[in-house]
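Q: predicted model and sequence below, questions to follow.
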Amino acid sequence: MAVKTPTVKLASGYEMPIVGFGIWKVPQETCADQVYNAIKLGYRHIDGAWDYGNSAEAGQGVRRAIEEGIVKREDVFITSKLWNNYHARDRAHEMAKLENEAWGLGYLDLFLIHFPVSQEFIPYEQLRYPAFWSDKEQTKVTPFKQVPIQETWKAIEELVQTKENPNGFVKSIGVSNFQAQLIYDVLSYAKIHPSVLQIEHHPYLTQPDLIALARENNITVTGYSTFGPQSFLEMDHAVAKTIKPLFETDAVKSVATKHGKSPGQVLLRWCTQRGIIVIPKSNSVERLKQNLESSTFDLSEDEIKQISALNVNLRFNNPPAPIRIFA
Ligand code: NAD
């Protein structure tokens, strides 16, 4: 029997499952099968993005599950994200349309501005994973392009399906990697309330004020890279290689042993119990299953605090200089 994941209601009124499958670095060759397997296991939420380069394959996996009668389109929550080179209004519309067509599911449930930085336009066919912050040869970071976030936000508002805009193909919109000042700014002109803020969130980077700000403003938080350094080992990240894996910290290990769960499940529950949505990535079916089943037990307040006390404000997903988003 597939596990049924609880959902949270977004500001848009739509429901979003609290555990999803994040597909950054899921290879194109295996992505369709892995997404299909995830849905078979019970996943109803897939977190993708233009820059992951695997939306078409992920869409194939979802469509196979729909064709086989495992799910209906409306049972699955699909997120995608607008990449930095397409922040100008017409480019944002063009990219969103291409991304929606790549998934091939009729609409996107959630569309996020991936990073609060605008870079010069690069034709779509020239931009291939992982050369996303820089040119194809990865020799120089793509220059900034002056597009205010207000223009980009307005552009994605125009994609939302409403009574007045029946041809819109996006249900909810939001932002990712934004911090306080820009969120306040967006809130000052948004005609459609941001539903989601997606941020790096794990015990080495807890960002409690940012999470409080989101909550106070009815913005649901999705945490990414819940396992901290783990994802960045795959990228040969220098700090990720030297810091203790979160799975091996006493705080996480002792709670896992006490509950008879894996350290990964404890880290995911540490988020979801506080209302933070998680989108762990795995290329293994066994881990996909384990991650999905992470909401079936509860941590005590003390256990949550014990894990949160690991915070050292350590960010792994920090773009290369001269892009200094988190300065
Ligand atoms: P993650 O924390 O999900 O870690 C993935 C790593 O942990 C992989 O090496 C995987 O093999 C391993 N793993 C998975 N399950 C495990 C388990 N149960 N036990 C032990 N190891 C396990 O990291 P991530 O992929 O960086 O983040 C998750 C998703 O978040 C991404 O796939 C993507 O969708 C999203 N994301 C978004 C942004 C953004 O800028 N908005 C940035 C990074 C990631």
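A: Yes, it's here. Numbering: from 1, shown residues only.
Q: quick check: residues of the stretch 51-200 of the chain near the ligand?
A: His114, Ser176, Asn177, Gln198 (C-beta under 6 Å from any ligand atom). C-beta coordinates here come from the backbone N, C-alpha and C atoms, glycine included.
Q: next, format these as TSV and append secondary structure, pLDDT and neighbour count.
A: Putting these into TSV (DSSP: H, G, I helix; E, B strand; the rest coil; pLDDT from 0 to 100; neighbours: other C-beta atoms under 10 Å) gives the following:
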residue	secondary structure	pLDDT	neighbour count
His114	coil	98	21
Ser176	strand	98	20
Asn177	coil	98	22
Gln198	strand	98	26
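Q: and those, which is closest to Val76?
A: Distances from Val76 to these, taken as C-beta to C-beta, are shortest for Gln198 (18.0 Å).
Q: so the spatially closest residue to that closest one that is not a sequence neighbour versus Ala240, what's the distance?
A: In space, and not counting its chain neighbours, Gln198 is closest to Ser176: 3.9 Å by C-beta to C-beta, 6 or more residues apart in numbering. Ser176 is 20 Å from Ala240, where distance means C-beta to C-beta, to the nearest Å.
Q: check contacts around the residue in the chain that the ligand sits nearest to.
A: The chain approaches the ligand most closely through Gly22 (2.4 Å), counting by C-beta to the nearest ligand atom. Counting by C-beta atoms under 8 Å, 6 or more residues apart in numbering, Gly22 makes contact with Asp47, Tyr224, Ile279, Pro280, Lys281.
Q: which residues does the first one form beta bridges with?
A: On the basis of DSSP bridges, Asp47 is bridged to Gly22, Thr79.
Q: I figured it hits Thr222, correct?
A: Yes. Contact criterion C-beta atoms under 8 Å: Asp47 and Thr222 qualify, at 7.5 Å.
Q: what touches both of those two?
A: Joint contacts of Asp47 and Thr222 (C-beta under 8 Å, 6+ apart) are Gly20, Ile279.
Q: pretty sure Asn165 sits against Glu158.
A: Yes. Asn165 lies in contact with Glu158 (C-beta under 8 Å); the separation is 7.1 Å.
Q: before we move on, the earlier item: of the contacts of Gly22, closest to Ser262?
A: Of all the contacts of Gly22, Ser262 sits closest to Pro280, with 11.6 Å by C-beta to C-beta.
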